[in-house]
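A.B. asks: Make a model of this:
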Amino acid sequence: MKNFFSHSSAEVNKNSKIGKNTKIWNNAQIRENVIIGKNCTISKDVYIDNSVRIGNNCKIQNGVSVFKGVCIKNNVFIGPNVTFTNDKYPRADNIKWKLKRTTIENGSSIGANSTILCGIKIGKYSMIGAGSVVTKNVEAYSLVYGNPAKFIYYINKKGEKISF
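C.D. replies: Predicted coordinates for the structure are as follows:
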């Protein structure tokens, strides 16, 4: 008996593991060997690639693509249409490409339409502004935005500016 909800149009591979009370909505695709924790929301049109790891209490909004090599820890918010990459030098004919891993630490938030380049770490409780292109590591407890994303200021767990 499954202990999670999946919409009738969602495709959830039988070799994936989905945590209790997780909800997978319309047209989502969960590939093989994916692990998703408990109490997550996987929204409409989300693609989660082979062997991706997602922690507990995460919210992944509509149209997000999470490719192989991405690890999303606990309590992470990913806004609509965020895209992660996993190949630093993509070419259609490169059969020997190298997977570059990306880690999204606990409590982070990524704004809508952001692109996260591969091989980086997004620090805990950091916040990425909508439409950003993240090309390098993001420090814990920091707000970044822009193209390329740049440090703006430090924030607390609620996302509020810290004054020193």
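A.B. asks: Touching, residue 5 and residue 22? I think so.
C.D. replies: Yes. Between residue 5 and residue 22 there is a contact under CB atoms under 8 Å: 7.4 Å. Using the backbone N, CA and C atoms, a C-beta is placed for each residue, glycine as well.
A.B. asks: higher neighbour count, those two?
C.D. replies: Higher neighbour count among residue 5 and residue 22: residue 22, with 22 against 14, using other CB atoms under 10 Å.
A.B. asks: per-residue confidence at that one?
C.D. replies: Residue 22 carries a pLDDT value of 98.
A.B. asks: thought it was touching residue 40?
C.D. replies: Yes. Contact status for residue 22 versus residue 40: in contact at 4.3 Å, counting by CB under 8 Å.
A.B. asks: And for residue 161, the neighbour number?
C.D. replies: Count around residue 161 with other CB under 10 Å applied: 10.
A.B. asks: let me redo that: residue 68
C.D. replies: If you count neighbours by other CB under 10 Å, residue 68 ends up with 17.
A.B. asks: Ok, residue 137 next?
C.D. replies: When neighbours are counted by other CB under 10 Å, residue 137 registers 12.
A.B. asks: Can you verify my assumption that it contacts residue 119?
C.D. replies: No. Assessed by CB under 8 Å, residue 137 is found out of contact with residue 119, at 9.2 Å.
A.B. asks: How about residue 134: which residues does it bridge to?
C.D. replies: In this structure, residue 134 bridges to residue 116 when assessed by DSSP bridges.
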